[in-house]
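Asks: the following comprises the amino acid sequence and a computationally predicted model.
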Amino acid sequence: MRTVIKDRPVHGGLLSVAVAGSLLLGATGCGGGGDEDGSPDDYKVVTATQLCGGDAVSTEAAKALEVITGSSRFEASGEEYSIEQAATTFADTFMDPHSRRGDVCRIYTPRGTSDFELRIRWWREDGAPSTDEPPASKFTVLKMGEDTVTAADKAYLQFACESDELTGSSTPAHIMIGVERGDEAAPPKDDVKALKDAYATVAHSVSLAMAKELGCANDGGLPAKPVLDPA
């Protein structure tokens with residue numbers, strides 16, 4: 001049954017994971033000393049396609065990030081924030097019952113602009129979702145993967161992965177990617193459709209990159225381009 005914890009669709013035994021994940025706080029991933037304006041010595045501003053290791057954000061997702069954040073430039077991601085690292089962590093902890101979620105990336109608008117944080121995370125689900133109960137009214141269900149829902153401030157996409165990289169189980173892994181706004185500010189009400197499509201586009205891009213990095217058969221059943229039609 002699909003249930004909602006703080007507007008996030010949660011399946012099976014993920015309640016404790018979702019609660020724990022909601023407590024995670026990100027840092028910018030830039031370090032070192034600083035210059036006179038307080039920026040670290042290695043501070044960089046990059047385009048969207050260079051974020052999260054350079055493989056997570058497609059051209060479509062880059063445009064979507066501009067819709068979401070109002071910016072086409074972002075703080076460079078820290079080395080720990082990449083699809084490669086996220087996939088490695090997922091594969092290494094695949095059979096660990098206590099490791100059910102992790103970071104993929106954090107995205108920040110540059111210093112001197114309006115503050116905006118986007119959190120991208122993965123969750124390991126117990127199985128394919130059941131759709132007996134619809135999600136909260138703010139979400140639209142889309143025709144992608146095993147389960148995709150999107151709202152004006154977040155989106156979640158779940159897909160199944162069969163891969164030689166995931167040893168120890170005879171059944172596919174079920175992976176959910178979440179893209180969430182990092183603050184509690186209400187999104188503009190007049191841009192709801194555009195924002196829903198944008199969040200879903202970013203979730204698709206990251207999910208597809210994760211599926212490819214893990215070597216999932218048939219790219220986890222994900223389409224090459226985001227499908228934004230309601231289910």
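Replies: Yep, that arrived.
Asks: just checking, next helix/strand downstream of the lowest-mean-pLDDT helix or strand in the chain?
Replies: Across the helices and strands of the chain, the lowest-confidence element by mean pLDDT, DSSP states H and E is helix 15-22, at a mean of 34. Next helix or strand after helix 15-22 toward the C-terminus (DSSP states H and E): strand 45-47.
Asks: who does that next one touch, helix- and strand-wise?
Replies: For strand 45-47, the elements it packs on are strand 73-75, judged by 3 or more Cβ pairs under 8 Å, 6 or more residues apart in numbering; DSSP states H and E. (Each C-beta comes from the backbone N, C-alpha and C, glycine too.)
Asks: neighbouring strands - and their directions - for the strand it packs on?
Replies: strand 45-47 (antiparallel) (DSSP bridges).
Asks: for Thr113, give me its contacts.
Replies: Ser71 (Cβ atoms under 8 Å, 6 or more residues apart in numbering).
Asks: oh, I was asking about Leu51
Replies: Val57, Phe74, Ala76, Ser77, Cys105, Ile107.
Asks: can you give me the strands in this structure?
Replies: For the chain, the strands identified by DSSP state E occupy 3-5, 8-10, 45-47, 73-75, 101-108, 117-125, 140-142, 147-150, 154-161, 173-181, in order along the chain.
Asks: longest helix anywhere in the protein?
Replies: Counting by DSSP state H, the longest helix found in the chain is helix 192-214.
Asks: tell me the buried residues in that one?
Replies: 195-211, 213-214 (16 or more other Cβ atoms under 10 Å).
Asks: ditto for stretch 85-94
Replies: Across stretch 85-94, burial judged by 16+ other Cβ under 10 Å covers Gln85, Ala86, Ala87, Thr89, Phe90, Ala91, Phe94.
Asks: report the mean confidence score over it.
Replies: Stretch 85-94 carries an average pLDDT of 92.
Asks: other residues contacting that stretch?
Replies: 53, 79, 99, 102-105, 122, 124, 165-169, 173, 175, 210, 213-214.
Asks: if any of those residues are buried, give me the PyMOL selection for them.
Replies: Provided next is the PyMOL selection string for whichever of these are buried by 16+ other Cβ under 10 Å:
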select buried, resi 53+102+103+104+105+122+124+165+166+173+175+210+213+214
